[in-house]
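Colleague: Output the structure for:
(4 chains)
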Number of protein chains: 2
Amino acid sequence: MSLPHAILTALLEKPSSGLDLTRRFDRSIGYFWSATHQQIYRELGRLEAEGHIRALPAAQPARGQKKAYEVLPAGRAELARWTAAPQDPKPHRDALLLRLRAAAVVGTAGLEADLRRHRELHRRQLAEYEEIEKRDFPPGDDSAQARLQHLVLRAGIELETFWIQWLTEALEDLPVVEDTP
Amino acid sequence: MSLPHAILTALLEKPSSGLDLTRRFDRSIGYFWSATHQQIYRELGRLEAEGHIRALPAAQPARGQKKAYEVLPAGRAELARWTAAPQDPKPHRDALLLRLRAAAVVGTAGLEADLRRHRELHRRQLAEYEEIEKRDFPPGDDSAQARLQHLVLRAGIELETFWIQWLTEALEDLPVVEDTP
DNA sequence: TGGTTCATGTAATGCGTTACATGATTAC
DNA sequence: GTAATCATGTAACGCATTACATGAACCA
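Modeller: Residues are numbered from 1 along each chain as shown, chains lettered A, B, ... in the order given. Below is the predicted model:
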């Protein structure tokens, strides 16, 4: 139940239309909470029905017309409540680790190529994060907001770095297991 | 679409009943692919209907009776196919990072306590992993299966280590942001 | 005027979660 | 014999994903 709060955060940072939000969920926010435009429109409908956001009066009408939303006080209060409330971490799901464990039983055929591909994807993501860090967090900016946002970005950078390292070790170390039914 | 493959892997490692599987998904496999008993029973039904597994003839009857399953050749083939096929990594979802970003807007009240709690949870998980490593992977065992399984466990250990470090830095560095509606 | 892009949706399906149900076994 | 636990399920709901639909604006 975090998508509405992700949207509230995004709208507080900057009032936006559904498509604007979709684009921001493809970078930025989406780096740690992804969402498609269908999810976003559905959730915008709910948030509006609950009185947490409203369409900006400027442009409201039908299909094909841009419609921007802003957060109402009730929405800000709900986001503050959610942010302060304790939450248990969700259990992980990592298909790649699962595949390694499966490969120990049914064989490692085909794995190496995909490990290399994943490493390349992580390298690209890391490069993107480092670009953002250089652009948005030059040394010396130490406002509270900037420090919090930088902390989040650092987590992303260090996680990508971890995966690249781990995949490199895995590729060096990958034994060959034959499939022997 | 990985739960059936997680179950096939578990059953190939050792034929089991639904409850046995549920217990193994609370440790071991569940460390990187969690599942509840309801999911497991539903999926066992599907896998049996598809001819990927079968109930061991020994004990099959109704409610309250233990029923163990084993993997059929078609199930092993499907698992091998899935393991070798390329898969894109799924986008991440991390509520804690989202909360930090929200806190930059609505204030950091209440966050510190939960960051400490999360760090403690990660410390416990790390201790559990290290216990398993000591017990199941003593130095010197270098069978192909053991090396693959050890690789997976190392990923878990290093990820927990990362989160503990990151949370420690975050706690040292956490600025105070007031909620100013 | 016909196609592409922008923008907002609807519909169908499937996995995950929570709550509940029911038969067997064991302990007292 | 009855209460707790073991073991296997059913049912309902919600979010996420995929495919499709519709209107407006722009461009050739």
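
Colleague: Geometric centre of chain A: which residue is closest?
Modeller: For chain A, A:Phe32 is the residue whose C-alpha lies nearest the centre (Cα atoms, centre = their mean; 2.3 Å).

Colleague: That one against B:Arg93, yeah?
Modeller: Yes. Counting by Cβ atoms under 8 Å, A:Phe32 does reach B:Arg93; the two are 7.0 Å apart. Heads up, the C-betas are built off the backbone N, CA and C, glycines and all.

Colleague: Domain boundaries for chain A, per the record?
Modeller: Domain assignment for chain A by automatic domain parsing gives A:3-84, A:95-173.

Colleague: okay if I get these as CSV plus distance to B:Gln38?
Modeller: Converted to CSV, those look like this (distance: least, Cβ to Cβ, whole Å):
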stretch, distance to B:Gln38
domain A:3-84, 24
domain A:95-173, 20
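
Colleague: Which one of those lies nearest to DNA strand D?
Modeller: Closest approach to DNA strand D among the domains of chain A (Cβ to the nearest atom of the strand): domain A:3-84, 2.8 Å.

Colleague: so the lengthiest helix in chain A versus helix B:144-173, what angle?
Modeller: Longest helix in chain A, counting residues (DSSP state H): helix A:144-173. Going by axes from the mean of the first three to the mean of the last three Cα atoms, to 10 degrees, helix A:144-173 is angled at 160 degrees with respect to helix B:144-173.

Colleague: how distant is helix A:144-173 from the center of its chain?
Modeller: How far helix A:144-173 lies from its chain's middle: 14 Å, per Cα atoms, centre = their mean, to the nearest Å.

Colleague: Reformat the domains of chain A as JSON lines; add mean pLDDT and distance to B:Val177.
Modeller: Output for the domains of chain A, formatted as JSON lines (pLDDT from 0 to 100; distance: least, Cβ to Cβ, whole Å):
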{"stretch": "domain A:3-84", "mean pLDDT": "91", "distance to B:Val177": "10"}
{"stretch": "domain A:95-173", "mean pLDDT": "95", "distance to B:Val177": "5"}
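
Colleague: now for those domains, which one comes closest to B:Ala103?
Modeller: domain A:3-84 (5.3 Å; Cβ to Cβ).

Colleague: how about the residues of chain A that lie near DNA strand C?
Modeller: Counting by Cβ under 7 Å from any atom of the strand, chain A comes close to DNA strand C at A:17-20, A:22, A:37-38, A:41-42, A:44-45, A:63-68, A:90-91, A:93.
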